[in-house]
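Enquirer: I need the structure of the sequence given here:
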Amino acid sequence: MRTKHLMPILLSISSFSIFSVAHAETYRLTHNTSNETSWQKGAEKFHEILNEASEGQLGIKVFPNAVLSGGDQMRQAEMVGRGDLDFLITSAINVTPLIPEMAVFSLPYLFSDYSQVDAAIQGEPGEQVKAIVENHGIEVLAWGENGFRELTNSVRPIEAPEDLRGMKVRVAGPMYIDVFEALGANPQQIQWTETFSALQQGVVDGQENPVGSIIVPQRVYEVQEYLTEWHYSYDPIFIGVSKRLWDSWDDETRVIVEEAANEAMQYQVTVSRDATASGIDTLQQNGMQITTLSEEQLQAFRDVTQPVYERWSSRVGEDLVRSFEDAIENMSAQ
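Expert: This is a model prediction of the structure:
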């Protein structure tokens, strides 16, 4: 008799377990840095939060170094836009060949500090950019941080624009090509996955990237001797999801995913800024010579790159640029 009473319960439990497993989903997330970076930590945190919030029904498998797109940081965004991949974490500058408006974040010397960055990205300008990206098949869920990009090289300290003359510098996108050409350098666009070996072999003399999220964790100090703190460009990252996948979910799933993404990127920003704060000491301890520019020296770089700012403002869209400038001015006036 006892067995007969238990059978319906056991069948019910068994059916529930089969249903749960059948409907559990693990999605692929691609990014183009190593598994030592804050990008990876943000991706892992996203999985952790999402898996817990969905009671194990949703999970993320992280693929660093853009391995799913053959190491091509641009192609991974195209694949997500087409629905061939599920999620990505990438920086705004990496997708400017596909979405030119994303260069707005990285206009030379647009931002001076984090408070200006936060006012623009977490405000109306950030929402405007999300809508633009959506038109390319990617739903931006949350903004994270790559950071202010600093310059490293293996030739000499950089204190003035003329110090860059003739130097071969790896850059991430077309706007940066224009910036470094204006400075008299010889910029070369190289995939990040190939950059360390290019620096090691002398294919290029230098590169530019944020200290906390890239230069320290990717051990750039092993192949570079000099770093210049010039804060010339800011670069956010974002978690994006294929719009095709996003549109297939119900409202409840979308809320869970978006909230998990926002919490994960808040964590990633904290990790990135903490690593940046301690990063200069780490670089000095590993033998790098650090040059911090004075306001007068910085102004010389601003003056030389101003034509690039104006040219790219036209390409990005004057209204969008003005939206960012207004957000910065309003924050500064408070």
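
Enquirer: average model confidence for the helix or strand hosting Phe180?
Expert: Assigned by DSSP states H and E, Phe180 belongs to helix 174-182. Helix 174-182 shows a mean pLDDT of 96.

Enquirer: which strands or helices does that helix pack on?
Expert: strand 168-171, strand 186-189, strand 226-242, helix 295-316 (3 or more CB pairs under 8 Å, 6 or more residues apart in numbering; DSSP states H and E). In this view, the C-beta of every residue, glycine as well, is placed from N, C-alpha and C.

Enquirer: which of the ones you listed sits closest to Thr26?
Expert: Of all those, strand 226-242 sits nearest to Thr26, with 14.1 Å by CB to CB.

Enquirer: which strand or helix spans Leu141?
Expert: Here Leu141, judged by DSSP H and E, is contained in strand 138-153.

Enquirer: next: Ala119.
Expert: Going by DSSP H and E, Ala119 is in helix 114-121.

Enquirer: counting by contacts, list what that helix packs against.
Expert: strand 226-242, helix 318-333.

Enquirer: distance between it and the chain's centre?
Expert: Distance of helix 114-121 from its chain centroid, counting by CA atoms, centre = their mean, to the nearest Å, is 15 Å.

Enquirer: just stretch 83-102 next, same as before
Expert: 9 Å.

Enquirer: kindly report the same for stretch 224-231.
Expert: Worked out by CA atoms, centre = their mean, stretch 224-231 lies 20 Å from the chain centre.

Enquirer: over to stretch 300-311?
Expert: 24 Å.

Enquirer: and for stretch 91-106?
Expert: On the basis of CA atoms, centre = their mean, stretch 91-106 sits 10 Å off its chain's mean C-alpha point.

Enquirer: before we move on, what about stretch 305-323?
Expert: Using CA atoms, centre = their mean, the offset of stretch 305-323 from its chain centre is 21 Å.

Enquirer: and for that stretch, what are the contacting residues?
Expert: Applying CB atoms under 8 Å, 6 or more residues apart in numbering, the contact partners of stretch 305-323 are 100-101, 103-104, 107-110, 124-125, 128-129, 175, 178-179, 182-183, 232.

Enquirer: please save the CA atoms from that stretch in PDB.
Expert: Only the C-alpha atoms of stretch 305-323 are listed here, as PDB (Å, rounded to 0.1, in the frame of the first residue of the first chain):
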ATOM      1  CA  THR A 305      43.800  66.200 -31.800                       C
ATOM      2  CA  GLN A 306      41.000  68.800 -31.900                       C
ATOM      3  CA  PRO A 307      40.500  68.500 -35.700                       C
ATOM      4  CA  VAL A 308      40.000  64.800 -35.300                       C
ATOM      5  CA  TYR A 309      37.300  65.500 -32.600                       C
ATOM      6  CA  GLU A 310      35.600  67.800 -35.100                       C
ATOM      7  CA  ARG A 311      35.800  65.400 -38.000                       C
ATOM      8  CA  TRP A 312      34.500  62.500 -36.000                       C
ATOM      9  CA  SER A 313      31.800  64.500 -34.500                       C
ATOM     10  CA  SER A 314      30.400  65.000 -38.000                       C
ATOM     11  CA  ARG A 315      30.600  61.200 -38.700                       C
ATOM     12  CA  VAL A 316      29.100  60.300 -35.400                       C
ATOM     13  CA  GLY A 317      26.300  62.900 -35.600                       C
ATOM     14  CA  GLU A 318      26.400  66.400 -34.200                       C
ATOM     15  CA  ASP A 319      23.200  65.900 -32.200                       C
ATOM     16  CA  LEU A 320      24.500  62.800 -30.500                       C
ATOM     17  CA  VAL A 321      27.800  64.600 -29.600                       C
ATOM     18  CA  ARG A 322      25.900  67.600 -28.300                       C
ATOM     19  CA  SER A 323      23.900  65.300 -26.100                       C
END
